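Asks: Build me a model from this:
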Amino acid sequence: MGHIFLHLQENDDFIIDYEDKETENVREQEANNFASDALISPILWKEFAEKYYEYTKENINEFAIKANTLPEIIRGRLNKNGFGKRKTSRFRKV
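Replies: Have a look, this model is predicted:
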């Protein structure tokens, strides 16, 4: 989504990372940030991140409703941002 909106209009090399690995490529990071912010408002995300020490199923579901998105999107962003899933099914700030 981010690549299409941000880079396809430039009429130059269009890069999509089908292997889903992170790169240090500026265009990749721009597209990732765009997609993250499109799925969850940066203001709401900051409020959520500052509110909890542990991210439980309950507070993830509550936030998903507030952000008008799926709980899986919240969990995916927590994982991407380094709040790895624990055996207790909770996410903890590292």
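
Asks: any idea how far Glu28 is from Asn61?
Replies: Per CB to CB, to the nearest Å, Asn61 is found 30 Å from Glu28. C-beta here means a position set from N, CA and C on the backbone, and glycine is covered the same way.

Asks: Of these two, give the one with the bigger neighbour count.
Replies: Taking other CB atoms under 10 Å, Asn61 and Glu28 do not tie; Glu28 has more neighbours (18 against 13).

Asks: helices and strands around the helix or strand where Arg77 lies, which ones?
Replies: Following DSSP states H and E, one finds Arg77 within helix 71-80. Judged by 3 or more CB pairs under 8 Å, 6 or more residues apart in numbering; DSSP states H and E, the packing partners of helix 71-80 are helix 26-39, helix 57-67, strand 91-92.

Asks: Counting by contacts, list what the host helix or strand of Glu47 packs against.
Replies: In this assignment (DSSP H and E), Glu47 forms part of helix 42-51. Where contact means 3+ CB pairs under 8 Å, 6+ apart, helix 42-51 is packed against helix 57-67.

Asks: What angle do helix 42-51 and the helix it packs on make with each other?
Replies: If you take axes from the mean of the first three to the mean of the last three CA atoms, to 10 degrees, helix 57-67 sits at 160 degrees to helix 42-51.
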